[in-house]
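Student: Below: sequence and its predicted model.
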Amino acid sequence: MAVSGTAYDPKGFSFLIAEQDAYGTVNGASDNAFIAVDVDSIGSPTLGVVQAMDVRSGSRVLQATDFHQSITQSVKEISVSGTATTEVLDLLLSHFTLDTAVPYVLASNLATASYKAGTSTTTNQILSITIKSAYGTNADLAFKDCLCTALSFSGDAGTEGGRIKFSATFQSGGLVSDLTGGSTAIDTAITANNYYMSSWDADDRIIAGTANAVVSSFNLDLVNPVVFSGISSTGFEVATRAGEVSATASFSVVYDNNFVGMFEAFNGQTTGASKGITLMNDDNDPADGLFAFQMPLSVITDVAFNEGSVMMLDIGVKALGSGIGSSTDLIEITC
């Protein structure tokens, strides 16, 4: 075979996400819409292939007969980062929280959820992902049975005017659907529905009970783990949402009269008690149409000086539940 003489621009690749109707069955072209994600770059998926390459008795060299590979016990991991737009956030937040409408809520008594092959799934419980190749045909990478295990949001007042960015990590315990797929159609193209830190009002920028924060940058990190169990010819048999569900945030704020007492607030926290609400919003109740988040109960996890043109504080917080049997929000997010 001769050298092809062709090459492809990385910007010609696309990252697509769609709701999947049944565990074990990838979203088809005539099923739910594939939504294009406004990505910074296309990352490479981790296929998680299990290999054994131990040299066997009788030789000092790895022989062909010594090599072993299995794909039925592999966890695929896919990461993506980009600009937060309405269609993508609605899909991801609905999937992550299993809430069907804004506001998207993780409750204090969030239960485990399990999925197995053939089980029909309700709205956005399971996702299909396609990395659409610039090659054109027979090169798309298609993954089924994907669950988002980590979802993060960030913004920086000095970068793109404080436009909200996101990153997400997905895992799948099923076999790869297709690594030589045909050209997948984009049903919902990238839109310009952006969100900005500048939409938050001063008195509704509250960190662990202290209001009027002058926020330079922030990160919000959500974790909802998945455990894979059993093994079959089609991969792991069961996927279960299990392990700690957490919501943490970090902020870089101006060290001013309102926040001069944060070291004492951190040091003086009381066992078994919240330090107060953490809120980033334009009023006291997050609503549809604005990227905002609220932790009704939170504690301070870190406070540190950050020297810049003016003295800043780096503050970390973590959301608290309201009790094992409480349906009160751990965190609430809108977009």
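Tutor: Cool, the structure landed. Numbering: from 1, shown residues only.

Student: Please report how far the residue of the chain most remote from its centre lies from Gly308.
Tutor: Centroid-distance maximum for the chain: Gly58 at 48.5 Å, with C-alpha atoms, centre = their mean. Distance, Gly58 to Gly308, by C-beta to C-beta, to the nearest Å: 64 Å. C-beta coordinates here come from the backbone N, C-alpha and C atoms, glycine included.

Student: and what of Leu89?
Tutor: For Leu89 relative to Gly308 (C-beta to C-beta), the value is 30 Å.

Student: okay, the two: which has more neighbours?
Tutor: Leu89 (22 against 11; other C-beta atoms under 10 Å).

Student: mind checking pLDDT for the residue lying closest to the more buried one once chain neighbours are set aside?
Tutor: Excluding the flanking residues, the one nearest Leu89 by C-beta to C-beta, 6 or more residues apart in numbering is Cys335, at 4.2 Å. Looking at Cys335, its pLDDT stands at 92.

Student: list the contacts for Cys335?
Tutor: Ala84, Thr86, Leu89, Asp90, Leu93, Val102, Tyr104, Tyr195, Asp288, Gly289, Leu290, Phe291 (C-beta atoms under 8 Å, 6 or more residues apart in numbering).

Student: Nearest to Ser167 among those?
Tutor: Ala84 (9.9 Å; C-beta to C-beta).

Student: State the number of residues packed around the closest one.
Tutor: With other C-beta under 10 Å as criterion, Ala84 counts 22.

Student: Relative to Thr72, which of the contacts of Cys335 is nearest.
Tutor: For the contacts of Cys335, the nearest to Thr72 is Leu93 (32.0 Å; C-beta to C-beta).

Student: give me the number of residues near the closest one?
Tutor: Leu93, neighbours per other C-beta under 10 Å, totals 24.

Student: quick one: it is in a strand?
Tutor: No: under DSSP: H, G, I helix; E, B strand; the rest coil, Leu93 falls outside any strand and is assigned helix.

Student: Could you check how far it is from Cys335?
Tutor: 7 Å.

Student: same question, Val254
Tutor: In terms of C-beta to C-beta, Val254 sits 27 Å off from Cys335.

Student: try Phe228
Tutor: 30 Å.

Student: Help me confirm that Thr149 is found in a strand?
Tutor: Yes: counting by three-state DSSP, Thr149 is part of a strand.

Student: got the contact list for it?
Tutor: Taking C-beta under 8 Å, 6+ apart, one finds Thr169, Phe170, Gln171, Val223, Asn224, Pro225, Val226 in contact with Thr149.

Student: change it to 6 Å
Tutor: Residues in contact with Thr149 (C-beta atoms under 6 Å, 6 or more residues apart in numbering) are Thr169, Gln171, Pro225, Val226.

Student: Buried subset of those, written for PyMOL?
Tutor: Of the contacts of Thr149, the buried ones go into a single PyMOL selection, burial set by 16 or more other C-beta atoms under 10 Å:
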select buried, resi 169+171+226
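
Student: So what's the residue count around the nearest residue to Ala117 once chain neighbours are set aside?
Tutor: Spatially, and ignoring its direct neighbours in sequence, Ala117 is nearest to Gly24 (3.8 Å; C-beta to C-beta, 6+ apart). Residues near Gly24, counting by other C-beta under 10 Å, number 19.

Student: try Gly174
Tutor: For Gly174, the count of nearby residues is 27 (other C-beta under 10 Å).

Student: circling back: now tabulate the contacts of Cys335 in CSV and tack on distance to Ser41.
Tutor: Shown next, in CSV, are the contacts of Cys335 (distance: C-beta to C-beta, whole Å):
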residue, distance to Ser41
Ala84, 16
Thr86, 22
Leu89, 19
Asp90, 23
Leu93, 23
Val102, 29
Tyr104, 26
Tyr195, 21
Asp288, 30
Gly289, 29
Leu290, 27
Phe291, 22
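
Student: Which of those fall within helices?
Tutor: Thr86, Leu89, Asp90, Leu93 (DSSP state H).

Student: Of those residues, which is the nearest to Ser154?
Tutor: Leu89 (13.4 Å).

Student: Read off the pLDDT value for the closest one.
Tutor: 94.
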